[in-house]
Every structure is written in structure tokens, then in C-alpha cells.
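Student: the following block contains a protein sequence and its predicted model.
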Amino acid sequence: MKELIDKHLEKYFDVEIEVLPISVIDMDEQLVHLQQEYEILATTGIVKPKIDAVYIPMEHFFNGDAEKVLDYLVEESESYDDSELTLEKAKQICVEYVTQSFTFLNPQKLIDPLWKFSSSLIKNEENYSQVINLLMHLAGMFERSLRQDTLVAPQEELELTERTETFKQLEQSLNLLSRTFQIEMPKDEVYYLQQLLAYQE
């Protein structure tokens, strides 16, 4: 993600903007420290942080409109207007993102199943920004599993979390999806997916 954002911003050599990737799991704590060292102009990601800064939905970094991204960063606009985001356009953004970002995934085969699954996890399935962000995370999960380089969850927290009914239901649903593509999804990845969903509530 950082590389994609940097690519959009690299031609603006006269603007000092640094892209700092952080984990959503301990996002609040990390942001407290970062705010002491930096002036945070904007954030992006699967969830919107509760800080006084512009939030730019991730899909705006994949539609080729880098000028608008920079305009919002510099002018400190409050948010992007995604009222023009249609279902067709949203899916196309996902296809372009998967194509650009991953080696082992076939976006044409993955997009519809991932979109359907992502929509089922969102309270408002017509909130395309949230669906896009979640689909991007799921695509990353699939890629990491194929590369055998999956995330590792804190074991004590994982052991506690995997006993909950919410975790079991999510794991069951995800396994049905992943088996369709003959991919085994470890519990660690399910843990992080559940954490991301919790932040969206």
C-alpha cells in the first residue's frame, strides 16, 4: 500500500509528505506517538481513525486520480465524496488493485466471490468504500496464504478469541470461501480479519 501511495506522490517533489504504514490492531496507540512527532495530514486504510485528520478511502489511490489525492492532502479537506462510486466502478477498482499488487491471484476469478463475501460482512453492503477496503484485505490474505507467508497473531489473544462464537462463525464462512480456491486459511489470518471488522463497527 505504501508503495502505491508513494508512486502517486513522487512527482510532487516540492511537497514534503511522508507515508507511514501502521497496523490497525494497535492503531490508536501508534497514532498517539506519531502525533507527537508529525503533523498528520491524512489517513487511509480499511478503517477511519478517530483523529483530527483527513480520511481518504483506499480506493481513491487506485483510480488514477493522484492530483485529487494531493489536493485533499494539502488543502486538508474533510473527506472524499464517494457519491459517484457505482458498483461497476467499485469492482473495477478492486480488479486494478489486485492486478497491480499481487502475483499469485487471478482478479477476474476472485473479484465476484470476494465481493460477495465482503458485502456479507458489512452492515450496509451498498457502502462500496467499506466493501472495497475489506476486499483488498481479503485479497492480501489469499496472497499471503499462497506464498506461505501469513500473519502471526499474538498466541494468548488468539487462544482466547478462537473460543468465541463470532470467531467460529467467521472462520467457518471464510473456510468455505477459501476451499473454493483450494486455499487453506490459518487461524491467525482469521484473527486479524475479525479485528478489522471490530474496528468497523
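Tutor: On my side now, so go ahead.
Student: after the worst-scoring helix or strand of the chain on mean pLDDT comes which helix or strand?
Tutor: Every helix and strand in the chain was compared by mean pLDDT, DSSP states H and E; the lowest is helix 66-75, with a mean of 56. Scanning forward in sequence from helix 66-75 by DSSP states H and E, the next helix or strand is helix 87-101.
Student: against which helices or strands is the helix or strand following that following helix packed?
Tutor: Note on helix 87-101: by DSSP H and E, the next helix or strand toward the C-terminus is helix 107-121. Using 3 or more Cβ pairs under 8 Å, 6 or more residues apart in numbering; DSSP states H and E as the contact criterion, the elements in contact with helix 107-121 are helix 87-101, helix 128-147, helix 165-180. C-beta coordinates here come from the backbone N, C-alpha and C atoms, glycine included.
Student: buried sites along the next helix or strand along the chain from the second one?
Tutor: Looking back up the chat, that one is helix 128-147. Using DSSP H and E, the helix or strand that follows helix 128-147 towards the C-terminus is helix 155-161. For helix 155-161, a neighbour-count test (16 or more other Cβ atoms under 10 Å) marks 158, 161 as buried.
Student: and helix 155-161, how far from the chain's centre?
Tutor: Its chain's average C-alpha position is 23 Å from that of helix 155-161, according to Cα atoms, centre = their mean, to the nearest Å.
Student: if you count contacts, what does it end up packed against?
Tutor: Under the contact criterion of 3+ Cβ pairs under 8 Å, 6+ apart, the helices and strands touching helix 155-161 comprise helix 187-200.
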